[in-house]
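> Based on what follows, work out the 3D shape:
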Amino acid sequence: MIDLSVRLGRLSLKNPILVASGTFGYAREMAGAVDFSRLGGVVPKTVTRHPRAGNAPPRTVETPSGMLNAIGLDNDGIEYFIRHHLPYLRTLPTSIIANIAGENEDDFVDMAALLGRETGIAAVELNLSCPNVAGGIDFAIEPEATRRVVQRVRAVCPLPILAKLTPNVTNIVPIARAAVEAGADALSLVNTFVGLALDWRRRRPILGNVTGGLSGPAIKPLALRIVHQVARQLNVPIVGIGGIATVDDAMEFLVAGASAVQMGTVNFYDPTASMRTVDRLPEAVAHLGASSVREIVGTLQT
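Modelled structure (predicted):
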C-alpha cells in the first residue's frame, strides 16, 4: 500500500492532487463528471470582498499549448460565497481551500476573518498575484507587501494559509521567504504568466483586457523551474501549479520539490484528469521504490 497523504504545514490532505482555483467553478459545476472523494482537495473560484463584474469580453483565447485568460475575478462577493456556495462545499468529501483576492490589504484581512469563523473550510489560499485586476498583482511583486498581507491575515484567521505567488518577477525567492516568515503554511507556485494575443490583420488585441494570464502545458517548464528554485532555498511546503495534466506532470513537480499539486487548465478540456492522476499515482510512487508520496518530494538529483 502506498501512503498518498501529505501535509502542508498545519493542513493535512489525503492525497496531493488538488484542482486549481478558477478552473473548477464552485465544484457544483463539476458534480456530474468528478468524484470529489477521490481528490486531495478543491480550490473554488476566487472570491473578492465585493461583487465584481470582471473584465470586458473576450476573456479567453487559446494559444499554442495553452490559453490566455482575463476573466477579471468575476464573482458575487464574499458574503454571497458564504451564504450560497459554502453550504454546498461543506457537503463534499474532500478538503476545501477557499481562495480570496483583495484590492487592498484590508480586504484580505476582512475576508480571512469571516472565513475563519466558518466551518467546512480546511485552509485559505491568498491570491496575491492575479495579473488581470488592478492592484491585485502588486501584493506579490514586493516582499514587504507580501509580508504585511500574510502577517495580518495570520493574526485574524486560525486556518492554514497558502500564499499564491506570481511568476512575473525577477526573483521570486525573497517574496516567497517573506510569505513564509510572515506565517504562511505553504506556497502555491505559480499563478499565470502575463501574455498577449493579437489579431495582426485588425491590429487589435484579442482579449478585451489586452493582456491575460497564460496557463496550460506551455508554462510547465517555467513553473517547474520556480518550484525547484524555491524548494532548494526555503524549507516550506510547496503546491506546484502550471500545466499539470497527467500523473507524469504531477510526479515531475513532486520530485522537483512540491508536496502537492493543483491541476487547472486541463479541467476545461478533460475534467476527469484529476481522478485519473490520483488513480495512477501509487504506481508511479512505487516505481521510485518509495512507499509514500512524502518520500519522493524534493528528491531531484542534479
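
> Tell me where the stretch 201-302 of the chain has helices.
Ranges of helices in the stretch 201-302 of the chain, per DSSP state H, counting those that start in this stretch, are 220-233, 247-256, 266-269, 273-287.

> quick check: angle from the first one to helix 247-256?
Taking axes from the mean of the first three to the mean of the last three Cα atoms, to 10 degrees, one finds helix 220-233 and helix 247-256 inclined to each other by 30 degrees.

> Identify all contacting residues around helix 220-233.
Contacting residues not belonging to helix 220-233 are listed as 167, 172-173, 176-177, 187, 189-190, 193, 236, 238, 240-244, 249, 252-253, 256-258, 298, 300 [Cβ atoms under 8 Å, 6 or more residues apart in numbering]. Where C-beta positions appear, they are placed from N, C-alpha and C, glycine not excepted.

> Sitting in strands, which of those residues do you find?
Of the contacts of helix 220-233, the ones assigned to strands by DSSP state E are 187, 189, 193, 238, 240-241.

> quick check, nearest of those to D279?
G240 (19.2 Å; Cβ to Cβ).

> Any idea what that closest one is bridged to?
Using DSSP bridges, the bridge partners assigned to G240 are L189, V261.

> For it, which residues are in contact?
189, 223-224, 227, 253-254, 256-258, 260-262.

> ok, 10 Å please
16, 187-190, 220, 223-224, 226-228, 231, 249-250, 252-254, 256-262 (Cβ atoms under 10 Å, 6 or more residues apart in numbering).

> V6 - how many residues pack around it?
Neighbourhood size, V6 [other Cβ atoms under 10 Å]: 23.

> That one and V297, how far apart?
Relative to V297, V6 is positioned 8 Å away (Cβ to Cβ, to the nearest Å).

> where in the stretch 101-250 of the chain is pLDDT low?
The model of the stretch 101-250 of the chain has pLDDT under 70 over residues 131-137.

> out of the helices of the stretch 201-302 of the chain, deepest packed?
helix 247-256 (a mean of 22; mean count of other Cβ atoms under 10 Å).

> How far does that helix sit from its chain's centre?
Taking Cα atoms, centre = their mean, to the nearest Å, one finds helix 247-256 lying 16 Å from the centre of the chain it belongs to.

> likewise stretch 28-41?
With Cα atoms, centre = their mean, you get 17 Å for stretch 28-41.

> pLDDT averaged over it - what is it?
Mean pLDDT, stretch 28-41: 98.

> Am I right that F108 is in a helix?
Yes. Using DSSP: H, G, I helix; E, B strand; the rest coil, the assignment for F108 is a helix.

> That one contacts A140, correct?
No. Applying Cβ atoms under 10 Å as the test, F108 and A140 come out as separate, 11.8 Å apart.

> what touches both of these two?
126-128, 149.

> got the phi/psi numbers for the closest residue to A33 other than its chain neighbours?
In space, not counting the residues next to it along the chain, A33 is nearest to P271; the distance is 4.4 Å by Cβ to Cβ, 6 or more residues apart in numbering. In terms of degrees, to the nearest 10, the main-chain angles of P271 are phi -70, psi -10.

> what's near enough to touch P271?
By Cβ under 10 Å, 6+ apart, the neighbours of P271 are 19, 23-24, 29-30, 32-34, 263.
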